[in-house]
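# coords please:
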Amino acid sequence: MNRPHPALLLPLLLLLAACAPEDAAPPAASAPDSAASPASAAPPTAAVVGRDATRPERPSLRVETLDHGVFDVAEQRGRWVVVNFWATWCAPCIKEIPDLNALDAAREDVVVVGLAYEETTPEALRRFYAEKVRPEYPVAIVDVFNPPADFKTPRGLPYTVLLDPTGKVAREFLGPVTGADILAVIAAAEAG
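Predicted structure coming up:
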């Protein structure tokens, strides 16, 4: 009997989970985003994920990035932090990168960090940057078998966590997210 190689199973399972998350609320159920006017915010593209009560409200994250030194979420207090789990084999993840680059560059009070959630090397990731698209924000490679403990293990990619300026989880998204989606959550929080 032909069995798939074990290293291929994880990416396949993550891809399938991103296609049909079973426990995510539909985008229409996300009340805080509905306060934004239709002209000012694009419709949500990612499913809003409920917070896991077993994880800390203010997660810690300290990672060595490829080109930007150590990224420590605790040093980002006073800023919104976008933690984006992604992979080079994930087409929706790659599509997000230019938008996340623009978001990171547009506002001083928003910082993006990418977590490459795949078995890869710094050299392979740099080759990907040269051939496809380069994140301008810090990117760290995280171990798929030992992901950051304070964050949920992604059930699919992309998976994005927005932390408010106090470091508290403001929103989680499973699936593609746009800068407009993130800005709508920020605007709603700042207005409320």
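
# quick one: name whatever helix or strand follows the helix or strand encompassing Arg126.
Taking DSSP states H and E as the definition, Arg126 sits inside helix 122-131. Using DSSP H and E, the helix or strand that follows helix 122-131 towards the C-terminus is strand 139-142.

# buried residues in stretch 84-101, which are they?
84-88, 90, 92-94, 96-97, 99-101 (16 or more other C-beta atoms under 10 Å). Just so you know, the C-beta spots here come from the backbone N, C-alpha and C atoms, and that holds for glycine as well.

# which residues sit against that stretch?
Contacts of stretch 84-101 from elsewhere in the structure, counted by C-beta atoms under 8 Å, 6 or more residues apart in numbering, are 11, 14-15, 18, 82, 112-118, 120, 124-125, 128, 132-137, 142, 147, 151, 154, 157-160, 175-179.

# which of those count as buried?
11, 14-15, 18, 82, 112-118, 120, 125, 128, 134-137, 142, 151, 154, 157-160, 175-179.

# out of those, which are inside strands?
Val82, Val112, Val113, Gly114, Leu115, Ala116, Tyr117, Val142, Tyr159, Thr160 (DSSP state E).

# who does the fifth one bridge with?
The bridge-partner assignment for Leu115, based on DSSP bridges, gives Phe85, Ala140.

# is it true that Arg171 touches Leu162?
Yes - with contact defined as C-beta atoms under 8 Å, Arg171 and Leu162 form a contacting pair (4.6 Å).

# what do these two both touch?
What both Arg171 and Leu162 touch, as defined by C-beta under 8 Å, 6+ apart, is the set Val185.

# what sits against Val81?
Counted by C-beta under 8 Å, 6+ apart, Val81 has contacts Val73, Val110, Val111, Val112, Val113, Leu162, Leu163, Gly167.

# can you report phi and psi for the last one?
In other words, Gly167. phi 90, psi 0 (degrees, to the nearest 10).

# show me what contacts it?
Going by C-beta under 8 Å, 6+ apart, the list of residues near Gly167 reads Arg58, Pro59, Val73, Ala74, Gln76, Arg77, Val81.

# ChimeraX command to pick out the buried ones of those residues?
Of these, the buried ones can be selected in ChimeraX as follows, counting by 16+ other C-beta under 10 Å:
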select :59,73,76,81
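
# can I get the contacts of Gly167 in a markdown table with secondary structure?
Output for those, formatted as a markdown table (DSSP: H, G, I helix; E, B strand; the rest coil):
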| residue | secondary structure |
| --- | --- |
| Arg58 | coil |
| Pro59 | coil |
| Val73 | helix |
| Ala74 | helix |
| Gln76 | helix |
| Arg77 | coil |
| Val81 | strand |
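
# now, the most widely separated pair of the contacts of Gly167?
Taking C-beta to C-beta as the measure, the contacts of Gly167 span a maximum distance of 13.0 Å, between Pro59 and Arg77.

# tell me the one among the ones in strands among the buried ones among the contacts of stretch 84-101 nearest to Leu66.
The closest of these, once distances to Leu66 are taken by C-beta to C-beta, is Ala116, at 8.4 Å.
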